[in-house]
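Novice: quick one: sequence plus predicted model below, questions after.
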Amino acid sequence: MIKNAFTDYIKATNLNGSQKANSYIKALDILSSLIKHEPYGFNDCKDIWKVESVERLYQLYVFVLQQSKKKDNNLWEIEGIAKSYLANRPTHKFKV
């Protein structure tokens, strides 16, 4: 996934002036940090912006969604990373 192309896409699909698109981009950057800290089988996704397989991104999306539903024992409770990025479910619809 190329960061510039995704940034253009996500900004085009959100309202002008909305910070939602920037939040998605920041969340993906944080997700890369989480995977670098503990990959849980997603070693190939450490640099989220270089993943080319839509299927693989979808697998990661499903895993993150499952983790975000856990109130306790979220696998990615890491000091220094805001829990709001771990606790809030992704809201963008992922289309395969």
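Specialist: Arrived safely. Numbers count the residues shown, from 1 in each chain.

Novice: quickly find the element holding the residue nearest to the spatial centre of the chain.
Specialist: The chain has residue 28 as the residue nearest its centroid, 3.8 Å off, counting by CA atoms, centre = their mean. In the assignment (DSSP states H and E), residue 28 maps to helix 20-37.

Novice: please pull out the lowest mean pLDDT helix or strand from this protein.
Specialist: Using mean pLDDT, DSSP states H and E, the weakest-scoring helix or strand in the chain turns out to be helix 84-87, at a mean of 61.

Novice: quick one, helices of this protein?
Specialist: Along the chain, the segments classed as helices by DSSP state H run 3-12, 20-37, 54-68, 84-87.

Novice: picking up where we left off before, could you count how many residues lie near the nearest residue to the residue nearest to the centre of the chain once chain neighbours are set aside?
Specialist: Closest residue to residue 28 apart from its sequence neighbours, by CB to CB, 6 or more residues apart in numbering: residue 48 at 5.2 Å. (C-beta placed from N, C-alpha, C; glycine too.) The local packing of residue 48 (other CB atoms under 10 Å) involves 21 other residues.

Novice: so residue 48 sits right up against residue 30, yeah?
Specialist: No - here residue 48 does not reach residue 30: they are 9.7 Å apart, not a contact under CB atoms under 8 Å.

Novice: so where's this protein shaky on pLDDT?
Specialist: 1, 71-76, 82-96 (pLDDT under 70).

Novice: may I have stretch 5-22 as CSV, with CA atoms only?
Specialist: Written as CSV, here are the backbone C-alpha positions of stretch 5-22 (Å, rounded to 0.1, in the frame of the first residue of the first chain):
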residue,chain,number,x,y,z
ALA,A,5,-2.2,7.0,-2.8
PHE,A,6,-4.1,6.0,0.4
THR,A,7,-3.9,9.5,1.7
ASP,A,8,-5.4,10.9,-1.5
TYR,A,9,-8.2,8.2,-1.4
ILE,A,10,-9.1,8.6,2.2
LYS,A,11,-9.2,12.4,2.0
ALA,A,12,-11.4,12.2,-1.2
THR,A,13,-13.9,9.9,0.6
ASN,A,14,-14.2,12.1,3.7
LEU,A,15,-15.7,15.5,4.2
ASN,A,16,-13.4,18.5,3.5
GLY,A,17,-12.0,19.9,6.8
SER,A,18,-12.7,16.6,8.6
GLN,A,19,-9.9,15.3,10.7
LYS,A,20,-11.2,11.7,10.2
ALA,A,21,-8.9,11.0,7.2
ASN,A,22,-5.8,12.2,9.2
